[in-house]
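Participant: I'll drop the sequence and a predicted model, then ask my questions.
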Amino acid sequence: MPFRPNLFNNWPRYELLVAEAYRAFVDKVIACKKLGLKILGSLAYLKLARDFQPYTCYPTLVPRVLPNGELIYPCRPIERSGTAQGGRPCNLTRVDSWAEAMRLAVDKFGPPPQTCFSCFQQCYAEPSLMQAQPVSFLREMVMFSASRQAKLHIFAPG
């Protein structure tokens, strides 16, 4: 079962921020995962989706590339916001290396953010949480047989 909070313009809906019923629901989802039910999302992500706390973000860990080769930098939510912090710095078919693409991106938009306060999209949060909390991810692989049997390429959210 997949799970993610309902967002509006990449921010959690206010109703979710203040609803005890939402927190209780996510606690039930966490309890189901701990019982071994197949819940898409790590415990770290589910807790993040419950508490809406800022987290260490690595948006370029899983780069987004459009079908025509355009690089989305640093992430889709910032690119879509239309601010000066993100966009489409280059087409990967027209650069010689990943290093050149990243240099162009950083030169144009600055370094990627180190902390996310709003997105909570699983496709960005999960890899960032795995990078920032590797022991938590490994513990989950040991604790839950469903996690050990999962094929990550099948469950690629986002």
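Facilitator: Structure's in. What do you need? Numbers count the residues shown, from 1 in each chain.
Participant: only C-alpha atoms for contact and neighbour calcs from this point on.
Facilitator: Fine.
Participant: Beyond the helix ranked longest in the chain, next helix or strand please.
Facilitator: The longest helix of the chain (DSSP state H) is helix 20-34. Downstream of helix 20-34, the next assigned helix or strand under DSSP states H and E is helix 43-51.
Participant: which residues does the residue nearest in space to the middle of the chain contact?
Facilitator: Within the chain, one residue has its C-alpha closest to the average C-alpha position: by CA atoms, centre = their mean, that is residue 124, at 1.7 Å. Residue 124 makes contact with 57, 58, 59, 62 under the criterion CA atoms under 8 Å, 6 or more residues apart in numbering.
Participant: Make sure the last one is actually in contact with residue 128.
Facilitator: No: counting by CA atoms under 8 Å, residue 128 is not a contact partner of residue 62; they are 9.1 Å apart.
Participant: who has more neighbours, these two?
Facilitator: Shown here are residue 62 and residue 128; by other CA atoms under 10 Å, residue 128 has more neighbours (22 against 13).
Participant: Wait, the more buried one touches residue 58, no?
Facilitator: Yes: Residue 128 lies in contact with residue 58 (CA under 8 Å); the separation is 5.1 Å.
Participant: Give me the domain ranges for the chain.
Facilitator: The chain resolves into domains spanning 7-56+117-149, 59-113 when parsed by automatic domain parsing.
Participant: got a markdown table for those domains, with mean pLDDT too?
Facilitator: Shown next, in a markdown table, are those (pLDDT from 0 to 100):
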| stretch | mean pLDDT |
| --- | --- |
| domain 7-56+117-149 | 86 |
| domain 59-113 | 93 |
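Participant: That's all I had, so thanks and see you.
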